[in-house]
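Peer 1: Would you be able to build a 3D model of this:
(one chain, ligands or ions: 1)
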Amino acid sequence: MGRIAYVNGRYVPHGEAVVHIEDRGYQLADAIYEVWALFDGKLGDAEGHFARMERSLGELSIEVPMSRAALTLVLRETVRRNRIRDGLLYLQISRGVARRDHAFPNPPVRPAVVMTVSSVDRAASEARAAKGVTVVTTPENRWGRCDIKTVGLLPNVLAKQKARAAGAAEAWFVDELGFVTEGASSNAWIVDGEGRLRTRDTNANILRGVTRHTLLEVIRNEGLEVDERPFTPAEAVAAREAFITGAGTLVLPVIAVDGKPVGEGKPGPVAARLRRLYIEQAKAAAV
Ligand code: PDD
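Peer 2: Residues are numbered from 1 along each chain as shown. Here you go, the predicted structure:
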């Protein structure tokens, strides 16, 4: 059986799934998205992603297309039809289809909803986590509302490509004061010289990562110290450990920044432990 996508009320073979050329997501990036990690066919860390999705829609005054209960059913049905146990579930909601005009369509149109599922090789991602990844830095050049999870990702695309071209897994944006904001598709963390965890605070212009939020709870439950405070690339290099978080990466050790080894240049015990604890928690909060 091949991949199945959900498009505006229909389940269709992935290769035949299409949206209208005047979908505002396609023409104007007037759309939001969410990504859930799938564990054993269930949506991991589910609640936080639903809550952020609703917030993103609210911030852009895009109508909520269906109740949370209905949306959960459709998301789960999309996963079921793909017969995927470990993977990623992508949801995109655009303002809808209308004749091209920058301002909102008046009268409003129905939001357009698309879902896709892709599989993840968990053994391969565990092997990657055991090895660690490298990151490069790039100047922050995004708009001022990175708290909204929109599909307007061109700076992130270019940053990720810069990383890829350098043989790195992720790019960290660095603001004009020299502090890391976040990654192109992840949040950034270090374990400093005193063993204290550090990640950028959410008053900064970053995405409020669901993995980040849940991991903060895990960290506090473990009695570990954490500071929501900025760090520079030089502080990351001088740190004991560094790692990134996100639905795609979970908790992934970073072993070098711009070619300079972090700590001993290999994954450390804190990131490894937090990865295990986060996965347990994400599974416990799966639907
Ligand atoms: N990216 N920061 C950015 C810019 C992101 O795009 C993401 C997630 C995160 C981590 O958020 P969360 O923990 O809620 O996944 C932080 C997703 C996975 C993506 O674009 O595919």
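
Peer 1: List the residues that contact the residue of the chain most remote from its centre.
Peer 2: Relative to the centre of the chain, the most outlying C-alpha is that of Pro107, 32.8 Å out, by Cα atoms, centre = their mean. By Cβ atoms under 8 Å, 6 or more residues apart in numbering, no residues touch Pro107. In short, each C-beta sits where N, CA and C put it, glycine included.

Peer 1: wait, isn't Leu224 in contact with Leu197?
Peer 2: Yes. Between Leu224 and Leu197 there is a contact under Cβ atoms under 8 Å: 6.1 Å.

Peer 1: re earlier: reduced to three states, what does the residue farthest from the centre of the chain come out as?
Peer 2: Under the three-state scheme (DSSP: H, G, I helix; E, B strand; the rest coil), Pro107 adopts coil.

Peer 1: returning to that earlier point: please identify which of Leu224 and Leu197 sits among more neighbours.
Peer 2: Between Leu224 and Leu197, Leu197 has the larger neighbour count (other Cβ atoms under 10 Å), namely 22 against 15.

Peer 1: Just read off the phi/psi values of that one.
Peer 2: phi -80, psi 150 (degrees, to the nearest 10).

Peer 1: what pairs with it across the strands?
Peer 2: Per DSSP bridges, the residues bridged to Leu197 are Val191, Val226.

Peer 1: ok, back up a step: overlap in contacts of Leu224 and Leu197?
Peer 2: Listed contacts common to Leu224 and Leu197 are Val270; contacts here mean Cβ under 8 Å, 6+ apart.

Peer 1: For the ligand, what is the nearest residue in the stretch 1-150 of the chain?
Peer 2: Val35 (4.1 Å; Cβ to the nearest ligand atom).

Peer 1: quick one, phi psi at that residue?
Peer 2: Per-residue torsions, Val35: phi -130, psi 120 (degrees, to the nearest 10).

Peer 1: what's near enough to touch it?
Peer 2: His49, Leu88, Leu89, Tyr90, Leu91, Ala247, Gly248.

Peer 1: Looking at those residues, which are in helices?
Peer 2: In helices, judged by DSSP state H, the following of the contacts of Val35 are found: His49.

Peer 1: Buried ones from the contacts of Val35, can you make that a ChimeraX selection?
Peer 2: Selection command for ChimeraX covering only the buried members of the contacts of Val35, criterion 16 or more other Cβ atoms under 10 Å:
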select :49,88,89,90,91,247
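
Peer 1: out of the contacts of Val35, what pair is the most spread apart?
Peer 2: Greatest spacing in the contacts of Val35, by Cβ to Cβ: Leu91 and Gly248 (14.2 Å).

Peer 1: Lys42 and Val287 touch, don't they?
Peer 2: Yes. With contact defined as Cβ under 8 Å, Lys42 counts as touching Val287 (6.1 Å).

Peer 1: Stretch 15-23: end-to-end distance?
Peer 2: Using Cα to Cα, to the nearest Å, the span of stretch 15-23 from its first residue to its last is 18 Å.

Peer 1: one step back: the contacts of Val35 into a markdown table, with extra columns for distance to the ligand?
Peer 2: Converted to a markdown table, the contacts of Val35 look like this (distance: Cβ to the nearest ligand atom, whole Å):
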| residue | distance to the ligand |
| --- | --- |
| His49 | 7 |
| Leu88 | 7 |
| Leu89 | 11 |
| Tyr90 | 7 |
| Leu91 | 11 |
| Ala247 | 3 |
| Gly248 | 4 |
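
Peer 1: Please tell me how far Glu16 sits from Arg3.
Peer 2: 11 Å (Cβ to Cβ, to the nearest Å).

Peer 1: closest to Arg81 among the contacts of Val35?
Peer 2: Nearest to Arg81 among these: Leu89, at 11.9 Å, using Cβ to Cβ.
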